[in-house]
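1. Okay, sequence plus prediction incoming.
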Amino acid sequence: MIPSLPAFAAVVVAAGSGSRAGGAKQWRLLGGKPVVRWSVEALLKAGAEDLVVVVSPESNAEAEAALESLSGWRLAPGGVTRADSVRHGLSALGGPADRPVLIHDAARPFLSGAVIQRVVEGLVDAEGALPALPMADSLRRAPDGFVAGSVGRDALWRAQTPQAFRMKTLLDAYAAWPAGEPATDEAAVVERAGGRVRVVEGDPRLMKLTFPEDFAMAEALIPRQIRVGQGFDAHRWGPGSSVWLCGVEIPHDQTLIGHSDADAGLHALTDAILGAMGDGDIGDHFPPTDPQWKGASSDRFLVHAVERLAARGGRLVNVDVTLICERPKVKPHRQAMRDRLADLLSLPLDAISVKATTTEAMGFTGRGEGLAAQALATIELPIG
């Protein structure tokens, strides 16, 4: 919460179809969480005392799932146009006539407390306030694809949201807006009614997600941290005719004994990924006391860890597995193991290392009592 700000309310508009983005962008994951959640979290953190999220009625379940565990918000039904949706949101808010209300597009996820503070404070001597960026590029007219003159940019600004107004000011301005005429945004509505709308400093990161390629750019803007996890596993030898190592079945005169298929390489790697996330270990997710995992293929465990990483907006950077045994010889099968891991992890081959070593006949692996594996995994996770 920003202590110096007066009490304010907010409407987050999330009722669009997102046709240009290839679907309803407000529910898509960005950095591991739905796009709409970024804005709602930012407004609540800044101190919004009442917050309405406007969605199409058929999207209520998606909205509730996207905002699960957050408190201080409620839903309102969207309208045919953006202006209709804003009006519905204002009606759901109610409240004092002079209370500041912020109207924000859910498609602008990177909302900061600093921008919120600037637009609210911009109402001190104006009827409205909007964040904006000055035009940096030169502008040209090209009606038929050829340059036909330039456009001065000195007084041009790129408008963003949230836009701030007093509740009564905005309601009165909408009441005076000509029926059937589309409104660009709330600033245009208030300006048409004679109100002064102050421009405050915007934020280059407060980009609007409009096209599919915008999501790749937005992902690149999210601060991330590098983490490294380590895993270790060991199994004893027993009667059998083959052994599973790093997802590859290798003919052998023994097999590894375990509750699942005892693939020590995949077990160590699964633990390394979970460890890098601080997400427990393989036994927490797949208890050996649970009969459903008896004889299970260990690639299921590994895929589960990768899916949990992706759900948090993270990605795997590289993995390194070392198998420790006297037998079987790993080198003839190493490429097949790397290929299998590349398929399971969706990583390029040069991000996957599989090595083998012996303990020079020392210890339980040297005596042929069992096989051990250790693994390292490097991941990237969004910060915050």
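-> Nice, thanks for sending it over. Computed from a predicted model, the values in this text were never measured in an experiment.

2. what residue ranges in the stretch 251-384 of the chain score low on pLDDT?
-> 384 (pLDDT under 70).

3. Just the helices from it, written as ranges.
-> Remark: helices assigned in the stretch 251-384 of the chain by DSSP state H, counting those that start in this stretch are 264-277, 282-285, 299-311, 334-345, 363-366.

4. deepest of the ones you listed, which one?
-> Looking across these with neighbours counted as mean count of other C-beta atoms under 10 Å, the highest average goes to helix 264-277: a mean of 27. For every residue, glycine as well, the C-beta is placed using N, CA and C.

5. Can you name every helix or strand that that helix contacts?
-> Applying 3 or more C-beta pairs under 8 Å, 6 or more residues apart in numbering; DSSP states H and E, one finds that helix 264-277 contacts strand 224-239, strand 242-245, helix 282-285, helix 299-311, strand 315-324, strand 370-382.

6. Let's have these in JSON lines, adding distance to residue 62.
-> Output for these, formatted as JSON lines (distance: least, C-beta to C-beta, whole Å):
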{"stretch": "strand 224-239", "distance to residue 62": "26"}
{"stretch": "strand 242-245", "distance to residue 62": "40"}
{"stretch": "helix 282-285", "distance to residue 62": "27"}
{"stretch": "helix 299-311", "distance to residue 62": "16"}
{"stretch": "strand 315-324", "distance to residue 62": "24"}
{"stretch": "strand 370-382", "distance to residue 62": "21"}
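
7. Which one, of these, ends up nearest to residue 46?
-> strand 370-382 (20.0 Å; C-beta to C-beta).

8. Provide the strand pairings for that closest one, with the direction of each partner.
-> strand 224-239 (antiparallel), strand 315-324 (antiparallel) (DSSP bridges).

9. Show me what the spatially closest residue to residue 275 that is not a sequence neighbour is bridged to.
-> Distances taken as C-beta to C-beta, 6 or more residues apart in numbering place residue 229 nearest to residue 275, at 3.5 Å, with adjacent residues excluded. Judged by DSSP bridges, the bridge partners of residue 229 are residue 377.

10. Near residue 229, how many other residues are there?
-> Residues near residue 229, counting by other C-beta atoms under 10 Å, number 22.

11. Do I have it right that it meets residue 270?
-> No: the criterion here is C-beta atoms under 8 Å, and residue 229 misses it with residue 270 at 9.9 Å.

12. Using CSV, list the CA coordinates for stretch 374-382.
-> Output of stretch 374-382 as CSV, limited to C-alpha atoms (Å, rounded to 0.1, in the frame of the first residue of the first chain):
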residue,chain,number,x,y,z
GLN,A,374,23.8,-37.3,-9.3
ALA,A,375,22.4,-34.5,-11.3
LEU,A,376,22.5,-30.7,-11.6
ALA,A,377,19.7,-28.6,-13.1
THR,A,378,19.9,-24.9,-13.9
ILE,A,379,16.6,-23.0,-14.1
GLU,A,380,15.2,-19.5,-14.6
LEU,A,381,12.3,-18.3,-12.4
PRO,A,382,10.4,-15.0,-12.5
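
13. Work out the gap between it and the centre of the chain.
-> Centroid displacement of stretch 374-382 relative to its chain, using C-alpha atoms, centre = their mean, to the nearest Å, is 18 Å.

14. do you know how far the residue nearest to residue 275 is from residue 376?
-> For residue 229, the distance to residue 376 under the criterion C-beta to C-beta, to the nearest Å works out to 7 Å.

15. and for those two, which residues touch both?
-> Residues within reach of residue 229 and of residue 376 at once, by C-beta atoms under 8 Å, 6 or more residues apart in numbering, are residue 272.

16. Other residues contacting stretch 72-84?
-> With C-beta under 8 Å, 6+ apart, stretch 72-84 has contacts from 11, 13-16, 40, 44, 48, 50-57, 60, 63-64, 67, 85, 87-89, 91-92, 174, 177, 182-183, 189.

17. For PyMOL, what selects the buried ones among those?
-> Burial among the contacts of stretch 72-84 is assessed by 16 or more other C-beta atoms under 10 Å; the matching PyMOL selection reads:
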select buried, resi 11+13+14+15+16+40+44+48+50+51+52+53+54+55+56+63+67+85+87+88+89+92+174+177+183+189
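
18. Quick check: residue 352 touching residue 316?
-> No: using C-beta under 8 Å, residue 352 is not in contact with residue 316; the gap is 9.9 Å.

19. So for those two, which residues contact both of them?
-> The contact sets of residue 352 and residue 316 overlap at residue 345 (C-beta under 8 Å, 6+ apart).
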